[in-house]
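Engineer: Whatever this is, show me its structure:
(one chain, ligands or ions: 1)
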Amino acid sequence: MRVSMMGAGYVGLVSGACFADFGHQVTCIDKDAAKIAALKRGEIPIFEPGLAELVESNMRQGRLEFAAKASRIGEAEVVFIAVGTPSRRGDGHADLSFVYQAVREIAPLLAGTAVVITKSTVPVGTGDEIENILREQRPEADIQVVSNPEFLREGAAIRDFKHPDRIVVGTEDERARGVLAEIYRPLYLNAPPIIYVSRRTAELIKYASNAFLATKITFINEIADLCEQVDADVQEVARGMGLDNRIGGKFLHPGPGFGGSCFPKDTTALIKTAHDHGVPLRLVETVAAVNEQRKRAMARKVVVALGGSVRGKTIAVLGLTFKPNTDDTRDSPAIPLITALHDLGATVRGYDPAGMEQAKPLLPDVHYCQSAYTAAEGADALVIATEWEQFRALDLARLKAVMAQPVIVDLRNIYRSDEMRRAAFRYLPIGRAGVE
Ligand code: UDX
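Structural biologist: Alright, predicted model coming up:
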């Protein structure tokens, strides 16, 4: 099948490369000519395990190409819209200007019969708007507009694409349903459920899923705070809860608050949509507010660890991205944490295996270091903000030798208190007993 992908960002690139790997003929189109030129040279603008190899092999086999203009889109049977929908400045609504721009660009070029599929996360009703634009510009054409949201996690996006829990297809048109079934046919061996729903329902499934996951994380984060006060262990509480099939153990890992390119933006956009329809989602509103407060409150833990003040102290922060296996620092909890530490008079030394270039413009006052151990040099406390694999088995004796004080604040609970006790560290995890 001939597939065009509007947008060669995170979603477009991963989806385009995976569809090509399924055997489809894919063109990724992006108006950023420099990005397209780099992609043609085999340079991948984002950090995603396995993506460079996937792009390279599919380009070599002639199934994946890149273009800065949509001029040949008329040859495609399906066109995906996978451009960004960032938060609109000021009100938190999803900014749909890139989506509509892409639709206007393709409208005159589409074949007389085509299927336009939205992969970008768009508020309920956006598909109707897209349909209106296409009808206006191409009244003679038979163009179906479908919602097919993605559920890709950064760092695991290729696996998520190829082994989805479900595929959501939002259209009531039989022909379009057939086209979507054909696109995803190579996945039939793994037999993922495909659910066929209305377009609006599909659009909402995406937001409701992300808001629910964000709620689950926030729930366990608040339970972690309670655990600290009542001398209970949140890891065991989460395990005890998660073994109940109705609850499930995933997304019950406490931490410094959720971040990233999706949860903060999508919860805010859902809240706005709900308000516009006169149905305030008070639970989601609270989740968003609690999470924002939590990110900054993490600095308090460092203050407590150092006996009441960080003024004049040096703090090493390991992990600047919002989670491991990505270079993405968007809405990373490390940012408000470090900003608060600076505000409180501390000096911050930072290290991240992949995210330092992205962090630099956001956190210009951090002393960026080349390893966890260099960051720890002279530090009064070391904060683990992201659970990168390489932080899970640090040489504690080596750390202790270079630090000014043996203090670790573990915001991801990747260490055990007994090993910290043996290594004679003061240790503050989240929601369970540490070492005084
Ligand atoms: C998320 C959704 O999982 C994905 O389906 C959607 O399409 C895009 O948004 P992503 O943002 O890449 O994916 O990361 P995810 O692994 O979901 O983590 C999001 C945030 O929640 C991170 O900051 C992570 O550290 C935090 N988190 C996650 C927790 O604090 N605890 C958990 O148990 C899980």
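
Engineer: give the contact list for the closest residue to Tyr368 other than its chain neighbours.
Structural biologist: Once flanking residues are discounted, Tyr368 sits nearest to Met356: 5.3 Å by C-beta to C-beta, 6 or more residues apart in numbering. Just so you know, the C-beta spots here come from the backbone N, C-alpha and C atoms, and that holds for glycine as well. With contact taken as C-beta atoms under 8 Å, 6 or more residues apart in numbering, Met356 is in contact with 320, 350, 368.

Engineer: okay, these in TSV with neighbour count, distance to the ligand and pLDDT next?
Structural biologist: Listed next are those as TSV, based on neighbours: other C-beta atoms under 10 Å; distance: C-beta to the nearest ligand atom, whole Å; pLDDT from 0 to 100:
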residue	neighbour count	distance to the ligand	pLDDT
Leu320	29	12	98
Gly350	25	17	98
Tyr368	18	21	98
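
Engineer: So which of those residues belong to helices?
Structural biologist: The members of those all map outside helices under DSSP state H.

Engineer: distance between the longest helix along the chain and the chain's centre?
Structural biologist: Criterion DSSP H: the longest helix present in the chain is helix 199-230. On the basis of C-alpha atoms, centre = their mean, to the nearest Å, helix 199-230 sits 14 Å off its chain's mean C-alpha point.

Engineer: between the contacts of Met356, which is closest to Cys262?
Structural biologist: Closest approach to Cys262 among the contacts of Met356 (C-beta to C-beta): Leu320, at 18.2 Å.

Engineer: Please give me every residue in contact with that closest one.
Structural biologist: By C-beta under 8 Å, 6+ apart, Leu320 lies in contact with 329, 332, 334-335, 338, 350-352, 355-356, 358-359, 363, 385-386.

Engineer: how close does it sit to Ala214?
Structural biologist: Note on Leu320: its distance to Ala214, by C-beta to C-beta, to the nearest Å, is 21 Å.

Engineer: What parts of the chain come near the ligand?
Structural biologist: 150-154, 210, 213, 217, 251-253, 255, 258-260, 262-263, 322-323 (C-beta under 6 Å from any ligand atom).

Engineer: And for Met1, nearest residue in space, chain neighbours not counted?
Structural biologist: His24 is the one closest to Met1 (C-beta to C-beta, 6+ apart), at 4.8 Å.

Engineer: can you give me phi and psi for that neighbour?
Structural biologist: Here is the backbone geometry of His24 (degrees, to the nearest 10): phi -80, psi 160.

Engineer: Which residue would be the closest one in the stretch 1-150 of the chain to the ligand?
Structural biologist: Glu150 (5.7 Å; C-beta to the nearest ligand atom).

Engineer: Need the residues that contact stretch 407-418.
Structural biologist: Under the contact criterion C-beta under 8 Å, 6+ apart, stretch 407-418 has outside partners 234-235, 253-256, 298, 301-302, 305-306, 319, 333, 337, 380-387, 391-392, 399, 420, 425-435.

Engineer: buried stuff in the longest helix of the chain?
Structural biologist: 199-200, 202-207, 209-211, 213-221, 223-224, 227-228 (16 or more other C-beta atoms under 10 Å).

Engineer: same deal with stretch 142-151?
Structural biologist: In stretch 142-151, counting by 16+ other C-beta under 10 Å, buried: 143-151.

Engineer: What of stretch 372-390?
Structural biologist: In stretch 372-390, counting by 16+ other C-beta under 10 Å, buried: 372-373, 375-377, 379-388.

Engineer: Low-confidence ranges, the stretch 1-150 of the chain, go.
Structural biologist: For the stretch 1-150 of the chain, applying pLDDT under 70 flags no range at all.

Engineer: for it, what spans make up the helices?
Structural biologist: For the stretch 1-150 of the chain, the helices defined by DSSP state H, counting those that start in this stretch cover 10-22, 33-40, 51-60, 97-106, 126-137.

Engineer: Could you name the helices and strands sitting against the fourth one?
Structural biologist: Taking 3 or more C-beta pairs under 8 Å, 6 or more residues apart in numbering; DSSP states H and E as contact, the helices and strands that helix 97-106 lies on are strand 2-6, strand 78-81, strand 113-118, helix 126-137.

Engineer: Quick one, which of those gets closest to Val179.
Structural biologist: Across the helices and strands packed on helix 97-106, closest to Val179 is strand 113-118 (C-beta to C-beta), at 4.9 Å.

Engineer: Show me what the closest one is packed up against.
Structural biologist: Using 3+ C-beta pairs under 8 Å, 6+ apart as the test, strand 113-118 ends up in contact with strand 78-81, helix 97-106, helix 126-137, strand 142-147, helix 174-183.

Engineer: Let me know which of those is tucked in deepest.
Structural biologist: Across those, averaging neighbours per residue (mean count of other C-beta atoms under 10 Å) puts strand 78-81 on top, at a mean of 27.

Engineer: Tell me which other helices or strands it touches.
Structural biologist: Using 3+ C-beta pairs under 8 Å, 6+ apart, strand 78-81 is in contact with strand 2-6, helix 10-22, helix 97-106, strand 113-118.

Engineer: picking up where we left off before, surely the residue nearest to Met1 meets Met5?
Structural biologist: No. At 10.3 Å, His24 does not count as touching Met5 under the criterion of C-beta atoms under 8 Å.

Engineer: So for these two, which residue has more residues nearby?
Structural biologist: Met5 (30 against 21; other C-beta atoms under 10 Å).

Engineer: who touches Asp327 in this structure?
Structural biologist: Asp327 touches 46-47, 321, 354-355, 357-358, counting by C-beta under 8 Å, 6+ apart.

Engineer: Tell me the most packed of those residues, by neighbour count.
Structural biologist: Using other C-beta under 10 Å as the neighbour test, the contacts of Asp327 are led by Thr321, with 29 neighbours.

Engineer: Dihedrals phi and psi, it?
Structural biologist: Torsion angles, degrees, to the nearest 10, at Thr321: phi -80, psi 170.

Engineer: That one contacts Phe391, correct?
Structural biologist: No. Counting by C-beta under 8 Å, Thr321 does not reach Phe391; the two are 11.9 Å apart.

Engineer: State the distance from Val284 to Arg392.
Structural biologist: In terms of C-beta to C-beta, Val284 sits 33 Å off from Arg392.

Engineer: So for the two, which residue has more residues nearby?
Structural biologist: Between Val284 and Arg392, counted using other C-beta under 10 Å, Val284 has the larger neighbour count: 23 against 12.

Engineer: Pull up the per-residue confidence for Ala191.
Structural biologist: Predicted confidence (pLDDT) for Ala191: 80.

Engineer: To clarify, my last question referred to Ala176.
Structural biologist: Ala176 is given a pLDDT of 97.
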